[in-house]
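Novice: have a look; sequence and predicted model below, questions after that.
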Amino acid sequence: MTVGRDTPGEEIRRPAGRPRHGNADWLTGARITAVHGLFYRPEGRAGEPEAVEFLLDGGQSVLMTCASDWTLRITSGTWPGLPDWCVPAGQWQFAQLGQLPPPPYGGAWTVLGTQERRDEHGEVHEAVIRCENGDFVVIGGDTVAIRFVRR
């Protein structure tokens, strides 16, 4: 899995939260203040997002994007800006995801840990972000599926 830009020759950006050291717990301790879906507008808002962006306390963000091989790419976000691959930019928009609960009292979910589930080739296809009130589950595919599982 690559953390940074997927296009060769572009600047590599560090992920938000703790640096990655070969495990999925680099986000532990971060506070998620919002989660937004990134939609391609000509297709309408009815479908699943092409990506989801987790906004973190302090202004950083984490972007999870589906790749053409149905894996999940995890990179630093550029909130409130669109990722470079959103071309033409006028046809893309962020929107809140109605199926997710609002942040708990205090205004943010605190990340307790993360888990990456990999396919037979070692590529991430699902990420689980464990928080105090439940888990965000993000699955790569043709689009990105996201759900919140309460504990």
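Specialist: Received it, and whenever you're ready, just let me know what you need.
Novice: neighbours of the closest residue to Pro49 other than its chain neighbours, how many?
Specialist: In space, and not counting its chain neighbours, Pro49 is closest to Gly37: 3.2 Å by CB to CB, 6 or more residues apart in numbering. C-beta coordinates here come from the backbone N, C-alpha and C atoms, glycine included. Using other CB atoms under 10 Å, Gly37 has 23 neighbouring residues.
Novice: contact partners for Gly37?
Specialist: Glu48, Pro49, Ala51, Val52, Phe94, Ala95, Gln96, Leu97, Val144, Ile146 (CB atoms under 8 Å, 6 or more residues apart in numbering).
Novice: distance of it from Val62?
Specialist: 14 Å (CB to CB, to the nearest Å).
Novice: which helix or strand contains the residue nearest to Pro49?
Specialist: strand 31-40 (DSSP states H and E).
Novice: distance from the chain centre to that strand, please.
Specialist: 7 Å (CA atoms, centre = their mean, to the nearest Å).
Novice: ok, stretch 25-37 next?
Specialist: Centre-to-centre, stretch 25-37 and its host chain are 9 Å apart (CA atoms, centre = their mean).
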